[in-house]
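> sequence? don't have it. structure:
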């Protein structure tokens, strides 16, 4: 109990430092595919962790933000604790100039302030506080990806997560926290598909009867895809991007859509792929052809018995320390918690700073939750040994 209070005191004494680091990393452009900025953010976190005594290494990718791996106490005998996160944001470059890191009346604003640089700062200071009290029960490992917001399209980060997580006792993903105190115990997976249709180009005025309109054919496919969804369904389909045609005076010979699919179980993906391939191949307009291709995605986070047990530990730690009674939450947004669970590691997710409106210009985070969540992580890690 004394050790825990000493770690909490450490957080209280370092609040200004925590906000300073938060400000530093939010002020670096690290949006989708912004590899140079994401790698700079990784350097900031690496410097912090090395000064804290961690052995750091990176997995470098030529077309994606690098992945940072840091470990303290690898020689410790008990199974270790993981802290997961990602350093990229969903906000395109240029947003920082419009919306720099700002705190007003206890609320922080800025690109990635919630999703999820605040959570990473909370985790790193939780580790530093544990170090300050001589915590030596379990190895502490940090895994930070550089391309989660683009579904790891150009990296092998999912494999790294699984391989690095194997054998660990618990994982805390400091993803976006919720103001209703929900902590995520399950997530849908996301898969992106592309359907392409090829038709026949023709002059829209002189020769329309010899054209085969690819956009028209695609329109039938879009309706079939969207009809697969219903509110509350386990699997949902969203045609989010459409491209096709060159000018209104020509019958278009090409159309393309990108489809976002959310699903519950990793084993569902082959059947989903089959359904979309069938729709793509179906002839809605003679003279056109369609194909379907899986692009990339993140698998579902399953709610295993281990996940439920770890949530109960976190819940007890929260209640015992006056942080309220969190409830187990299931959400449709995917995260890398899927991969620690696939590695057999009990995992709780969305235990980062609390806020809302992530992925939007109104993104905000509750400043006090930065310190509260650092303490909750400390209390939860210590409780693993009770």
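Yep, that arrived. Just so it is clear, the structure is predicted and the values come from calculations on it, not from any experiment. Numbering: from 1, shown residues only.

> Contacts only, for the residue most central in space within the chain.
For the chain, the residue nearest the mean C-alpha position is residue 335 (3.9 Å; CA atoms, centre = their mean). By CB atoms under 8 Å, 6 or more residues apart in numbering, residue 335 lies in contact with 148, 173, 175, 184, 187, 298, 301, 349, 350. For the C-beta atoms, the positions are set from N, CA and C on the backbone; glycine is no exception.

> where does the protein have low pLDDT?
Residues of the chain meeting the criterion pLDDT under 70: 1-2, 231-232.

> hey, where'd the helices end up in it?
2-13, 15-26, 35-51, 95-98, 118-132, 157-165, 214-226, 269-281, 305-320, 337-342, 367-383 (DSSP state H).

> could those go into JSON lines alongside mean neighbour count and distance to residue 66?
Below are those laid out as JSON lines (neighbours: other CB atoms under 10 Å; distance: least, CB to CB, whole Å):
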{"stretch": "helix 2-13", "mean neighbour count": "16", "distance to residue 66": "29"}
{"stretch": "helix 15-26", "mean neighbour count": "18", "distance to residue 66": "15"}
{"stretch": "helix 35-51", "mean neighbour count": "19", "distance to residue 66": "5"}
{"stretch": "helix 95-98", "mean neighbour count": "13", "distance to residue 66": "21"}
{"stretch": "helix 118-132", "mean neighbour count": "26", "distance to residue 66": "15"}
{"stretch": "helix 157-165", "mean neighbour count": "19", "distance to residue 66": "10"}
{"stretch": "helix 214-226", "mean neighbour count": "20", "distance to residue 66": "35"}
{"stretch": "helix 269-281", "mean neighbour count": "16", "distance to residue 66": "28"}
{"stretch": "helix 305-320", "mean neighbour count": "17", "distance to residue 66": "29"}
{"stretch": "helix 337-342", "mean neighbour count": "26", "distance to residue 66": "17"}
{"stretch": "helix 367-383", "mean neighbour count": "23", "distance to residue 66": "24"}
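
> which one of these lies closest to residue 108?
With CB to CB as the measure, helix 367-383 is the member of the helices of the chain nearest residue 108 (5.3 Å).

> Distance of the residue nearest to the centre of the chain relative to residue 237?
From residue 335 across to residue 237, the span is 20 Å (CB to CB, to the nearest Å).

> Could you do residue 308 as well?
Residue 308 is 29 Å from residue 237, where distance means CB to CB.

> do residue 113 as well
31 Å.

> residues touching residue 150, list them.
32, 33, 64, 88.

> Among those, which one has the most neighbours?
Within those, residue 88 tops the neighbour count with 28 neighbours, counted by other CB atoms under 10 Å.

> my read: it touches residue 152, true?
No - taking CB atoms under 8 Å as the definition, residue 88 is not a contact partner of residue 152, at 10.3 Å.

> Which residues are in contact with each of those two?
Common contact partners of residue 88 and residue 152 (CB under 8 Å, 6+ apart): residue 145.

> Take the contacts of residue 150 and lay them out in a markdown table including distance to residue 202.
A markdown table is the format used below for the contacts of residue 150 (distance: CB to CB, whole Å):
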| residue | distance to residue 202 |
| --- | --- |
| 32 | 37 |
| 33 | 37 |
| 64 | 41 |
| 88 | 44 |
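
> and the two most separated of these?
Farthest pair in the contacts of residue 150, by CB to CB: 32 and 64, 10.3 Å.

> of residue 113 and residue 237, who's got more company?
residue 113 (29 against 23).

> How much space separates the more buried one from residue 140?
Distance check for residue 113 against residue 140: by CB to CB, it reads 25 Å.

> Name the residues that touch stretch 27-42?
Here stretch 27-42 makes contact (CB under 8 Å, 6+ apart) with 25, 44, 58, 61, 63-68, 87-96, 100-101, 110-112, 117, 144, 146-147, 149-150.

> starting at the chain centroid, how far to it?
15 Å (CA atoms, centre = their mean, to the nearest Å).

> Return the residues in contact with residue 378.
Taking CB under 8 Å, 6+ apart as the criterion, residue 378 is in contact with 4, 7, 8, 11, 126, 129, 130.

> Look up how far residue 11 lies from the fifth one.
Just to be clear, that refers to residue 126. Taking CB to CB, one finds residue 126 at 8 Å from residue 11.

> what's the overlap in contacts for the two?
By CB under 8 Å, 6+ apart, the residues touching both residue 126 and residue 11 are 374, 375, 378.

> The first one against residue 129, yeah?
By that I understand residue 374. Yes - with contact defined as CB under 8 Å, residue 374 reaches residue 129; the gap is 6.9 Å.

> any shared contact partners between those two?
Common neighbours of residue 374 and residue 129, using CB under 8 Å, 6+ apart, are residue 11.

> Make a markdown table from the helices of the chain and add distance to residue 201 to it.
Below are the helices of the chain laid out as a markdown table (distance: least, CB to CB, whole Å):
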| stretch | distance to residue 201 |
| --- | --- |
| helix 2-13 | 64 |
| helix 15-26 | 48 |
| helix 35-51 | 37 |
| helix 95-98 | 39 |
| helix 118-132 | 50 |
| helix 157-165 | 40 |
| helix 214-226 | 9 |
| helix 269-281 | 20 |
| helix 305-320 | 53 |
| helix 337-342 | 43 |
| helix 367-383 | 56 |
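
> Nearest to residue 259, out of those?
Using CB to CB, the helices of the chain put helix 214-226 closest to residue 259, at 6.0 Å.

> so how far is the closest one from its chain's centroid?
The answer for helix 214-226 is 30 Å, by CA atoms, centre = their mean.
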